[in-house]
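*Asks:* Sequence below, structure please.
(2 chains)
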Amino acid sequence: MKSNLVRVLDGNIFVLSENNGDIEAAVANVCGFFDFDTRFLSLWRLRLNGDRLNPLSIAERDYFTLRFFLVPGEPTHYVDAKASVIRERSITGGVFEERLTVLNHDRGPVDFTVRLDVASDFSPISLVGAEREPVGQLYRRVEDGGLRLGYRREKFQRETVISTSEPAAVDEDGLTYTVQVEGNGEWTTTLRVRALVLRPDGRDVREQLDRRPRRTTAEQREDLADWLARAPQLSCDWDAVTTTYQRSLVDLAALRYSPLTLPDETMPAAGLPWVATITGRDSILTSFQALPIASELAVATLRMLGIDQGAVLDDFRDEEPGKILREFRYSEMVAFEERPESPYYGSADVTPLYVVLLDEYERWTGDAALVRELEEEARAALNWIDQYGDILGDGYVRYRRRNTRTGPENQGWKDSPAAICYADGRLPEPPRATCELQGYAYDAKLRGARLAREFWGDPAYGERLEREAAALRERFERDFWIADRGYYALALDADGRQVDALASNMGHLLWSGIVDESRAAQVAAHLLGPRLFSGWGVRTLAEGQARYNPLGSHVGAVWPFDNALIAWGLRQYGFAEEAGRIAEGIIDAARHFHGRMPEAFAGYPRELTRYPVRYPTANSPQALATGATFLLLRALLGLDPAGEHLMMVPRVPARFGRVELLDVRGRWGQIDVIGSGLARLDGG
Amino acid sequence: MSDPITVFFERLAAGGCGRLLRKTGGTVRFELTGDDGLDLWHLTIAEGRVEVSREARDADAVIHTDRAFFLRMVRGEAKPLTAWLRNDIIAEGQFRFVVLLERLFAAPPPVTRQPRAVAGDGRERA
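*Replies:* Numbers count the residues shown, from 1 in each chain, chains lettered A, B, ... in the order given. Next comes the predicted model:
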């Protein structure tokens, strides 16, 4: 993944290009204009009098507009450029728009040839980094002074239509403008690139569906300003905190996504630019983390995932009744069932987390109506835990994919093939019961019990869920605890034996509340101990485990969202100082990324590298990482709804100084939270 | 033998709807093209009841396909969402009704397994 790519975006529409604005896609260079999980432009290359252009500067005003200032020629000889070019790019009304301006810096008139090479491969988004021969036919047509590129496979059809405000000589490979510009004058043309998802009658499928028109840049700008004005205001003596908070607010705004099914609501997409789609885990956990900031995200997430809740058994999609989806996609691979995301249901954690989010949302907002509206969905999710999640019938949630061709082997958040391992590096047989799944199931049952009693008028169901939760906890303590090492096994293997690697997963157990009080201190000591804690945060897998690799995504790297859940869990068990250390480390790391919380960074010891080593990830911003900022703040300030009130117990490390979070919204109305790292009277 | 499409709609009307339909209120018009012209079916869902009518009425969504493909969906051989992505069915109006089709045609695929039946099946890693 090249890191110097720049982009503009609106939901699942985005343009990713070189820093001179050009798109020259290749297997090793995944750029382009994308919409609806499809690449609509793979070549978009500008030349002035045959010369490539080089950037002098790029102005990134917001995430939907960009401006490139360019000069012709190689960097070595552009100093006395007699001409320059401004490329202004936006996504407006769902259209990729580019305004080209040629500036003549000579005193006399000059003739210019402006050439734009254009092509599209219509690659499905999941295949842009791979070699692929298109199955269908590509075509291109010059028409009405513009260019139409197309792809057809049976009745499946996509087109890119390029039009220009100024006349151009158009051929099948692009557009050429031959213009004369006055001395010290300028010339401008506006190109519009429309991505069409066609029906056989030539109309765009989306235009025939009821939804709001795509927003213009002006509307997007206004919406962003409203969003920022509505969010709680943070001030903190430590600049890194306010910078990260502001960045996270803007990033969360950019991540909002309106699915076709709920065109008037927004839920968080998992990551930009590559995962601007409906996902289960990322949307649920991000909505959970963002409850103090924007509780409406949880509403859309819960509704959308409820609508798509599994209804039948389907091996290809790893679907079961009541299961919450993992991911939905619109691409060609999905249309022709070469990929299962229509939707794909292969994750074992998302269904219990659905209930967790519903309950937590009500605790913050008091919105009983939504809890009643989604009663059947929540009951079906709770039922899934026992009927389909517990696949060995021994009371534990396990997973084993039925789609062995395209389904991930590991179906929790650590979904890389070697993520779940023994300390000596062996991989356990499926089905696997990872520890955090048991925590989520426990928490879901207890929260479900509260919902049953308080909102569904079914105390008997509530009692049953509580009994099951208590039995699960007892069983879990017996089977997962590794007494001689003082921590919980990462998983149980197919034979019920402990998978004994020391990993971050058990931090989630504190969040879920399944950990026995008497063992919590040992768990906390491991999480903050030298093997798991890098100095910046908790590693996914501890140093010393056979598969530990500081660059291994799930076997050594540090993930901010994982750390935020752990910090919140520690805080709930009274380990405020430990939670503070994690929050401080992660925010300190974000400082090195200009306040943008990275999806993950390397697990090297802090004293070795002195700065957090960026982990090569595709998405930035990533929703889970963005949300981590808010949950870390919640952990620091000890924010927890209690009845109609918001409990506040700030325990802030000295580094932070004074922290104020104003206008925190919830069932209490609005309230200000003030904490200070300087006056820790309790010595904590 | 009775027409399988008629049987399908009659069964929907008689069976009411499962929990996943209960929240949806509205009318879907199915326009099915066949050798002898266009068949219209209207499915109205209100408060958990399903009513089927062949008389023209306003609809919140229109689904257009041919009879042969519709039958494939009835038999569980084709999924509505991927069919929509391939243009094997055309949808207009509210997209949530396309998702709803997944519930109407909730026949499982011809070959599928219970998770518990797969759990002890051989050794995937071996």
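*Asks:* C-alpha from now on. contacts and neighbour counts both.
*Replies:* Will do.
*Asks:* Give me the below-cutoff pLDDT ranges for the chain.
*Replies:* Picked chain A for this. Scanning chain A for pLDDT under 70 picks out A:1-4, A:75-80, A:678-684.
*Asks:* let's do chain B instead
*Replies:* Ranges of chain B meeting pLDDT under 70: B:1, B:16-22, B:106-111, B:120-126.
*Asks:* Now do the helices in it.
*Replies:* B:4-15, B:19-22, B:67-74, B:80-86, B:96-104, B:115-119 (DSSP state H).
*Asks:* Tell me which of these sits nearest to residue A:101.
*Replies:* The closest of the helices of chain B to residue A:101 is helix B:80-86. By C-alpha to C-alpha, the value is 38.7 Å.
*Asks:* what's the closest non-adjacent residue to residue 59?
*Replies:* Unless you meant another one, I'm taking chain A. Of all residues not flanking residue A:59 in the chain, residue A:67 sits nearest, at 5.0 Å (C-alpha to C-alpha, 6 or more residues apart in numbering or on different chains).
*Asks:* Please refer instead to chain B.
*Replies:* Using C-alpha to C-alpha, 6+ apart, the closest residue to residue B:59 is residue B:27 (4.8 Å).
*Asks:* Residue A:282 too?
*Replies:* The shortest distance from residue A:282 to any non-neighbouring residue, by C-alpha to C-alpha, 6+ apart, is to residue A:270 (5.2 Å).
*Asks:* Counting neighbours, what do you get for the one you found?
*Replies:* Neighbour count of residue A:270, defined by other C-alpha atoms under 10 Å in any protein chain shown: 29.
*Asks:* residue contacts, it?
*Replies:* Residue A:270 is in contact with A:255, A:276-279, A:282-283, A:622-624, counting by C-alpha atoms under 8 Å, 6 or more residues apart in numbering or on different chains.
*Asks:* Go through those and name the one nearest chain B.
*Replies:* Distance to chain B across those (C-alpha to the nearest C-alpha) is lowest for residue A:278, with 13.5 Å.
*Asks:* Any idea how many residues pack against residue 10?
*Replies:* Picked chain A for this. Neighbours of residue A:10 under the rule other C-alpha under 10 Å: 30.
*Asks:* Correction: the question concerned chain B.
*Replies:* By other C-alpha under 10 Å, neighbour count at residue B:10 equals 15.
*Asks:* Tell me if I'm right that it and residue B:52 touch.
*Replies:* Yes: counting by C-alpha atoms under 8 Å, residue B:52 is a contact partner of residue B:10 at 7.4 Å.
*Asks:* Residue A:607 in helix, strand or coil?
*Replies:* In three-state terms, and counting by DSSP: H, G, I helix; E, B strand; the rest coil, residue A:607 is helix.
*Asks:* contacting residues around the spatially closest residue to residue A:343 that is not a sequence neighbour?
*Replies:* Using C-alpha to C-alpha, 6+ apart and skipping the chain neighbours, the partner closest in space to residue A:343 is residue A:328 (4.4 Å). Applying C-alpha under 8 Å, 6+ apart to residue A:328 gives the contacts A:277-279, A:341-344.
*Asks:* Counting only strands, which of the residues you listed make the cut?
*Replies:* Secondary structure assignment by DSSP state E places none of the contacts of residue A:328 in strands.
*Asks:* before we move on, back to that, can I get the contacts of residue A:270 in a markdown table including neighbour count?
*Replies:* Putting those into a markdown table (neighbours: other C-alpha atoms under 10 Å in any protein chain shown) gives the following:
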| residue | neighbour count |
| --- | --- |
| A:255 | 28 |
| A:276 | 31 |
| A:277 | 27 |
| A:278 | 25 |
| A:279 | 27 |
| A:282 | 25 |
| A:283 | 29 |
| A:622 | 31 |
| A:623 | 32 |
| A:624 | 31 |
